[in-house]
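1. What shape does this take:
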Amino acid sequence: MTEDFVAEGALVARDLDGEVAVLTMQSAPHNLLGERLVSELFAALDWARTAGARAVVLRSGLRHFCAGADMEAFATAERGEATELPLLELLQAFDSLPVPVVASVHGVCVGGGLELALASDLVIAAESAKLGSVEVTIGLAPLMGAVQRVTQRAGAARAKEMAMLGRRFDARTLERWNVINRVVPDAELAAATMTLAQELANGPAVALASIKELVSIAASEGVTAADQKMKAVQAGIWRSQDLVAGIASLTTNGPGYARFQGR
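-> Have a look, this model is predicted:
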């Protein structure tokens, strides 16, 4: 059952499909990232947390996923100053959300749009999608972590190629480079996204949150730091009802039959 939480005039529609929070960007014409859309993304992530969602889908209700930043955000360049958009804080909001976020990408996904996708935990894209770091075409560099994240996923050479040349790439190429997770035929994107999100939402929430946190630590601080913090990060798993249920199900039914309550 889907519950609809769309506010009139909202740039990010909010729906709860079971335990999956579906956040749909709808800032015409191309979901350009400006002050209001960024603010609503913050609010939507907070809503997903308080609504008790166990997975989040970030998608677009328009022709394109996101064509980058609203040029008004760069008006500060005339004063030789950086944009005032809280871009690092938005990355941190994605990272600190204790549930998986799945970006569902179609159409154009460039600049800040690609960075929104890369801030998510998993990226699934339509076969016809075009993605890229195109900021150099206006004399800019990626401002929301694309360089670092592509370096982590695909290596320094690919990160430089994408950010320095400013080209758009087809989804299959970026899947092959490990920049995104999965590519599906256009007609299957919505269904494939929800199947993946529902699988995550039905998983052991405490364990998934610990996995997300450890990956973040390893990516930002290194494997040794993650090893040192692993016991503390995973402490909650041992107190979770899902672990008890999982072990009982394995003993009784064998692997793959556990039903988790997310606690």
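
2. In the protein, mark out all the strands, start to finish.
-> Ranges of strands in the chain, per DSSP state E, are 2-4, 12-17, 20-25, 55-60, 101-105, 108-110, 122-126, 130-132, 169-170, 182-184.

3. Take those and write them to JSON lines, including distance to residue 76.
-> For glycine as for every other residue, the C-beta is placed from the backbone atoms N, C-alpha and C. Formatted as JSON lines, the strands of the chain follow (distance: least, Cβ to Cβ, whole Å):
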{"stretch": "strand 2-4", "distance to residue 76": "37"}
{"stretch": "strand 12-17", "distance to residue 76": "24"}
{"stretch": "strand 20-25", "distance to residue 76": "24"}
{"stretch": "strand 55-60", "distance to residue 76": "27"}
{"stretch": "strand 101-105", "distance to residue 76": "28"}
{"stretch": "strand 108-110", "distance to residue 76": "21"}
{"stretch": "strand 122-126", "distance to residue 76": "30"}
{"stretch": "strand 130-132", "distance to residue 76": "24"}
{"stretch": "strand 169-170", "distance to residue 76": "30"}
{"stretch": "strand 182-184", "distance to residue 76": "37"}
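
4. And those: which comes nearest residue 229?
-> With Cβ to Cβ as the criterion, residue 229 lies closest to strand 101-105 of those, at 21.7 Å.

5. what pairs with that closest one, and is each one parallel or antiparallel?
-> strand 55-60 (parallel), strand 122-126 (parallel) (DSSP bridges).

6. Mind checking those for the one nearest to residue 206?
-> So among these, strand 55-60 is nearest, using Cβ to Cβ, at 14.0 Å.

7. residues in contact with the closest one?
-> Strand 55-60 is contacted by residues 19-26, 31, 45, 48, 65-66, 97, 99-107, 116-117, 120, 193-194, 197-198, 200-201 when judged by Cβ atoms under 8 Å, 6 or more residues apart in numbering.

8. just stretch 237-245 next, same as before
-> Identification of contacts with stretch 237-245 by Cβ under 8 Å, 6+ apart yields 204-207, 210, 258-263.

9. Narrow those to just the buried residues.
-> 204-207, 210, 258, 260, 262 (16 or more other Cβ atoms under 10 Å).

10. Please flag which of those residues sit within helices.
-> Among those, the residues falling in helices (DSSP state H) are 205-207, 210.

11. got those as a markdown table, with pLDDT and distance to residue 56 columns?
-> Conversion of those to a markdown table gives the following (pLDDT from 0 to 100; distance: Cβ to Cβ, whole Å):
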| residue | pLDDT | distance to residue 56 |
| --- | --- | --- |
| 205 | 95 | 12 |
| 206 | 95 | 17 |
| 207 | 95 | 17 |
| 210 | 96 | 17 |
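
12. so what are the domain limits for the chain?
-> Per automatic domain parsing, the structural domains of the chain span 2-201, 205-253.

13. Can you show me the helices along the stretch 101-250 of the chain?
-> Under the criterion DSSP state H, counting those that start in this stretch, the stretch 101-250 of the chain contains helices at 112-119, 146-154, 156-165, 171-176, 189-201, 205-221, 223-233, 241-253.

14. okay, these, which one's buried deepest?
-> Of all the helices of the stretch 101-250 of the chain, helix 112-119 has the most neighbours on average by mean count of other Cβ atoms under 10 Å, namely a mean of 28.

15. Fine by me, we can end here.
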